[in-house]
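Asker: Here's my sequence, what's the structure:
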Amino acid sequence: MVENNICTDQVSFDQIDLIQLSENIKLWGKALGFQQVGIADIDLKQHEAKLQQWLDNQYHGEMDYMEKHGMKRARPAELHPGTLRVISVRMDYLPDNAQFARTLKNKNNAYISRYALGRDYHKVLRKRLKQLGQKIEQQVGKLGYRPFVDSAPVLERPLAEKAGLGWTGKHSLLIDSKTGSWFFIGELMIDLPLPVDKPVEEKCGACVACIKICPTQAIVAPYVVDGRRCISYLTIELQGPIPIEFRKAIGNRIYGCDDCQLICPWNRFANITQEADYQARHQLEKQPLLDLFAWSEAHFLTTTEGSPIRRIGYLRWLRNIAVALGNAPTSKAIVEALNEKLKHSDSELLNEHISWALEQHALQIPIVNERLNNRLIKAIEKGLPRDA
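Answerer: Residues are numbered from 1 along each chain as shown. Sure thing, here's the model as predicted:
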């Protein structure tokens, strides 16, 4: 009898060659498109104190789900009763012709984190993990398993580290010495006592390039990220206004940030993904900010269907682009686009960011004619709070 993928009938482990099974699992995983598969035990006690300190420091910001589950994040068996092992997988996502530096340098174009240019990885990995669980069941009979891809309170990176998929870098992301860090990870919790893999040696050494490059100094100490300062958090997780102190540093990054990975020397070994789902969508890659700012909500929803970008919604999409336009070189087209959006917007959140953007252009250039100057002043005043 099986309820919620938890087997109530004991699997006869003495009838299963667990060593051979673990080897088969890795072969099946690679056949499903995972570049690496490892197996870890579920003991994460050594991470509990660090997790609690991170939460106590409020580094999770508005991500309440991080705190809500407490130490369950470090106790897989409490999350999925019966769990004995975690199968961790890695899938490369670096698309062809990423042109990172060129996109960041052209301030009139939008920069979208490389992982978000293609199909939503949650769907891709979860489907493959489920297929892997089903394949194991075909071999051993009914068992308890459950796939996870950023979908539950799981300390994914420590588990992947224990499974030998890489080491945790000073930017808190997982790094593999042969392929860098441009990959997704996912987990399959399982109730089989499979042999576990060995962690790999950390190889960051004295390098602090990721700490120095962070535009908002979000890496407050080696291996510790203050999420409230991270551009990925500010442009994706944050529901309200982006703090003024970070807006200039965001530049033209409208969804996520890759700077700490771009600077990492291990990423010179990164592999281009073989997954068609992760190749960049043409309507998202190297697009002018003004073109994206002109999208209607219907066009936004259609274009981002199946994309992780869709979850931030149309309003925050415009909020992020407004900040990027405020950081772009001043032009008549940008000022007019901001004015036009402000004229028709009834969102206090969006109006605040548009007004900030207009103010940047008013401060950066000498106004070439009085008419344009007056339009800027009126637009800015319209978006300011009444008691400002």
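
Asker: For the longest helix seen in the chain, name the packing helices and strands.
Answerer: Longest helix in the chain by number of residues, with DSSP state H as the criterion: helix 121-140. Contact here means 3 or more CB pairs under 8 Å, 6 or more residues apart in numbering; DSSP states H and E; on that basis helix 121-140 packs against helix 18-31, strand 85-92, strand 145-148, strand 183-190. Any C-beta I mention is one placed from the backbone N, CA and C, and that applies to glycine too.

Asker: so where do the strands sit in the chain?
Answerer: Under the criterion DSSP state E, strands of the chain are mapped to 2-3, 6-7, 36-40, 85-92, 111-112, 145-148, 167-168, 174-175, 183-190, 219-221, 224-225, 253-255.

Asker: any chance of those strands in TSV, plus distance to G205?
Answerer: Below are the strands of the chain laid out as TSV (distance: least, CB to CB, whole Å):
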stretch	distance to G205
strand 2-3	48
strand 6-7	44
strand 36-40	23
strand 85-92	22
strand 111-112	29
strand 145-148	31
strand 167-168	11
strand 174-175	12
strand 183-190	21
strand 219-221	16
strand 224-225	18
strand 253-255	28
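
Asker: would you turn these into TSV with distance to P308, mean neighbour count and mean pLDDT?
Answerer: Below are these laid out as TSV (distance: least, CB to CB, whole Å; neighbours: other CB atoms under 10 Å; pLDDT from 0 to 100):
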stretch	distance to P308	mean neighbour count	mean pLDDT
strand 2-3	32	10	34
strand 6-7	30	17	36
strand 36-40	22	24	98
strand 85-92	14	26	97
strand 111-112	10	26	96
strand 145-148	16	23	93
strand 167-168	23	18	98
strand 174-175	19	24	98
strand 183-190	11	26	97
strand 219-221	23	15	97
strand 224-225	19	20	96
strand 253-255	8	26	98
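
Asker: From N320, how far out is the residue lying closest to G164 once chain neighbours are set aside?
Answerer: Once flanking residues are discounted, G164 sits nearest to D197: 3.9 Å by CB to CB, 6 or more residues apart in numbering. For D197, the distance to N320 equals 40 Å [CB to CB, to the nearest Å].

Asker: So which of these two has more stuff around it?
Answerer: Applying other CB atoms under 10 Å to D197 and N320 shows that N320 carries more neighbours, namely 29 against 18.

Asker: mind listing what R247 touches?
Answerer: 323, 326-327, 353, 356 (CB atoms under 8 Å, 6 or more residues apart in numbering).

Asker: so where's this structure uncertain?
Answerer: Regions of the chain meeting the criterion pLDDT under 70 cover residues 1-15, 65-70, 99, 152, 364-388.

Asker: How is it partitioned into domains?
Answerer: Structurally, the chain divides into domains by automatic domain parsing as follows: 2-201+269-281, 288-388.

Asker: which stretch among these comes nearest L238?
Answerer: domain 2-201+269-281 (6.1 Å; CB to CB).

Asker: which residues in the stretch 201-350 of the chain form helices?
Answerer: 209-213, 231-232, 244-250, 259-262, 289-293, 297-303, 313-327, 332-344, 348-364 (DSSP state H, counting those that start in this stretch).

Asker: Check which helices and strands the fourth one sits against.
Answerer: With contacts taken as 3+ CB pairs under 8 Å, 6+ apart, helix 259-262 sits against helix 209-213.

Asker: Test my guess that R73 contacts P153.
Answerer: Yes - using CB atoms under 8 Å, R73 is in contact with P153, at 4.3 Å.

Asker: These two: which has the busier surroundings?
Answerer: R73 (24 against 19).

Asker: For that one, which residues are in contact?
Answerer: 51, 66, 153-155.

Asker: And it, how far from M63?
Answerer: 12 Å.

Asker: cool, L188 as well?
Answerer: L188 is 24 Å from M63, by CB to CB.

Asker: try S232
Answerer: 11 Å.

Asker: Give me the more crowded residue out of those two.
Answerer: S232 (20 against 14).

Asker: Check whether the more buried one really touches R114, as I assumed.
Answerer: No - counting by CB under 8 Å, S232 sits too far from R114 to count as a contact (11.9 Å).

Asker: Give me the neighbour count for K130.
Answerer: By other CB under 10 Å, neighbour count at K130 equals 16.

Asker: quick one: it and P147 touch, right?
Answerer: Yes - between K130 and P147 there is a contact under CB under 8 Å: 5.3 Å.
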